[in-house]
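> Have a look at this prediction, sequence included:
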Amino acid sequence: MTAFPGLAARPELSRGRRFQESSDGPRGPRDLFQRDRDRIIHSAAFRRLRDKTQVFVAPDGDHFRVRLTHSLEVAQIGRTMARALGLNEDLTEALCLAHDLGHPPFGHAGEDALSAALADAGGFDHNGHSLRIVTRIERPYPDFAGLNLTWEMLEGLAKHNGPVAEPQWAMTEADSDYSLELGQWAGLEAQIAAIADDIAYDNHDIDDGLRAGILDLDELIEVEIAGRLWRDVERRNPGLDRDRKVKALVRDGIGTMVGDVMDETCRRITEAGPNSIDDVRSAGKALAGFSKRLAEEERALKRFLYEKLYDSPQLRAVRDEAQRVVTNLAAAYRDNPNLLPEGWQAGEGETARLRGIGDFIAGMTDRYAIARHRELVGQVTLPDQF
């Protein structure tokens, strides 16, 4: 495996933080990116991920993944790949841990409902909201709003999925405060964090979907990549029980995808020949990713998961009720802003007031959103098993 330390982000060459920080007080032996990681871990937004939906609604199904466990799994995969490629492990880990901070309660269902409810204030986008959290909403420091993360960290959060041609208002706001060069690709650490996210949720959603009884194993192994891996598991472990074969399938899926990304990323970097991080940013394409063959197989797997899991009748019923909860909460707070807790009612102008409502709802956990709906609007009915 070829490593590319010359393309790694280096804390001593960081573009720094927006606000100058005092060196007074204990700091410990940490560099800039290690502090970024620790600021994410110690943030209130990160703690709340433990009660936010990944696929299954967090109040029930205690064995299923939530946003917090998903983020930890992404960080493990991302750090492994960063180490193998000679990239900055701490920055990669921080980006992986922070990539879902902006999700509202109930995951993508909640995001769709909140965006529709605030359409006249610019809507809502979880990627932009992640930036809003770390630059404005979190306030643990006396001299500035936000976590005052490094430029490289903010760049990676903004562009981990590639250049942003049409930024939503929250990302535009963050970019205007501290230009993130949205038209270029991010560094390799952010690209690796993005692909680690895909690898984690592809394989772990299979695990959770089979555990829930929504996915059918026989249907799953008709998908090319899953079938190939399953046959290999059976060949190696002919007498193994089904549950442990499924665990092996998930592990092999992660390992196969990681190995493919490593090989393909080395090939792309060698072909493009970048000599610096700036060369990576201006390459005009992602330098980290799946090979053509595995990318096609992964897209087929995603189509299967969307059809059989995410859009299944069981989860559709949950999604519809979750969207009703978010929609009703937004309407209640719009109609009577005095229902908001102290400190959340301010706002200069109608747009700012509505975006503040969005900030408050987006920060809710699933459980808190359900409790507030029962208090302000009425009963919530979610299936017991999910």
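In hand now; what should we look at? Bear in mind that the values here come from a model prediction, so they are computed numbers and not experimental data. Numbers count the residues shown, from 1 in each chain.

> Residue 359 contacts residue 124, correct?
No - when contacts are counted by C-beta atoms under 8 Å, residue 359 is not listed as touching residue 124 (9.5 Å). In this view, the C-beta of every residue, glycine as well, is placed from N, C-alpha and C.

> The two: which has the busier surroundings?
Regarding residue 359 and residue 124, a neighbour count based on other C-beta atoms under 10 Å identifies residue 124 as having more, with 29 against 19.

> residue contacts, that one?
104, 111, 114, 115, 118, 358, 362 (C-beta atoms under 8 Å, 6 or more residues apart in numbering).

> run the last query once more with 7 Å
Under the criterion of C-beta atoms under 7 Å, 6 or more residues apart in numbering, the neighbours of residue 124 are 111, 114, 115, 118, 358, 362.

> same question, residue 187
Counting by C-beta under 7 Å, 6+ apart, residue 187 touches 9, 152, 156, 277, 280, 281.

> By neighbours, which of those residues wins?
Ranking the contacts of residue 187 using other C-beta under 10 Å puts residue 156 first, with 30 neighbours.

> was I right about that residue contacting residue 189?
Yes - counting by C-beta atoms under 7 Å, residue 156 touches residue 189, with 6.2 Å between them.

> what residues are shared contacts of the two?
Common neighbours of residue 156 and residue 189 (C-beta under 7 Å, 6+ apart) are residue 95.

> Give me the neighbour count for residue 172.
16.

> again with the one 4 residues further on
Counted by other C-beta under 10 Å, the residues lying close to residue 176 total 10.

> Which strand or helix spans it?
helix 169-177 (DSSP states H and E).

> Residue 356 and residue 343 touch, don't they?
No - Residue 356 sits out of contact with residue 343 when judged by C-beta under 7 Å, with a separation of 9.8 Å.

> Give me the more crowded residue out of the two.
residue 356 (20 against 8).

> do you know how far that one is from residue 77?
Going from residue 356 to residue 77 by C-beta to C-beta, to the nearest Å gives 36 Å.

> Please apply the same query to residue 243.
23 Å.

> quick one: which of the two has more around it?
Legend: neighbour count by other C-beta under 10 Å for residue 243 and residue 77, higher for residue 77 (24 against 10).

> What are the phi and psi values at residue 17?
Main-chain torsions, residue 17, degrees, to the nearest 10: phi -110, psi 160.

> Any chance of the backbone angles for the nearest residue to residue 314 once chain neighbours are set aside?
In space, residue 314 comes closest to residue 214 once its chain neighbours are excluded; the distance is 5.7 Å by C-beta to C-beta, 6 or more residues apart in numbering. When read as degrees, to the nearest 10, the backbone of residue 214 gives phi -80, psi -40.

> burial count for residue 214?
For residue 214, the tally of surrounding residues (other C-beta under 10 Å) stands at 19.

> isn't it right up against residue 312?
Yes - using C-beta under 7 Å, residue 214 is in contact with residue 312, at 5.2 Å.

> Could you check stretch 211-224 and say which residues are buried?
For stretch 211-224, burial by neighbour count (16 or more other C-beta atoms under 10 Å) applies to 211, 212, 214, 215, 220, 221, 223.

> For the nearest residue to residue 172 once chain neighbours are set aside, list the residues it contacts.
The shortest distance from residue 172 to any non-neighbouring residue, by C-beta to C-beta, 6+ apart, is to residue 128 (8.0 Å). Taking C-beta under 7 Å, 6+ apart, we find residue 128 in contact with 168, 170, 171.

> cutoff 8 Å now
Contact analysis of residue 128 by C-beta under 8 Å, 6+ apart lists 102, 167, 168, 169, 170, 171, 172, 173, 174.

> Spell out which helix or strand contains it, please.
Per DSSP H and E: residue 128 is located in helix 126-132.

> End to end on stretch 360-379, go ahead and measure it.
Stretch 360-379 stretches 21 Å from its first residue to its last (C-alpha to C-alpha, to the nearest Å).

> now that stretch: mean pLDDT?
Stretch 360-379 carries an average pLDDT of 96.

> Can you list the buried residues in it?
360, 361, 362, 363, 364, 365, 366, 369, 370, 372, 373.

> can you redo the residues you listed as JSON lines with distance to residue 228?
Putting the buried residues of stretch 360-379 into JSON lines (distance: C-beta to C-beta, whole Å) gives the following:
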{"residue": "360", "distance to residue 228": "47"}
{"residue": "361", "distance to residue 228": "43"}
{"residue": "362", "distance to residue 228": "40"}
{"residue": "363", "distance to residue 228": "42"}
{"residue": "364", "distance to residue 228": "42"}
{"residue": "365", "distance to residue 228": "39"}
{"residue": "366", "distance to residue 228": "36"}
{"residue": "369", "distance to residue 228": "41"}
{"residue": "370", "distance to residue 228": "41"}
{"residue": "372", "distance to residue 228": "47"}
{"residue": "373", "distance to residue 228": "45"}
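
> Export these to TSV and append columns for distance to residue 38 and secondary structure.
Below are the buried residues of stretch 360-379 laid out as TSV (distance: C-beta to C-beta, whole Å; DSSP: H, G, I helix; E, B strand; the rest coil):
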residue	distance to residue 38	secondary structure
360	26	helix
361	28	helix
362	23	helix
363	21	coil
364	25	coil
365	22	coil
366	26	helix
369	28	helix
370	31	helix
372	31	helix
373	35	helix
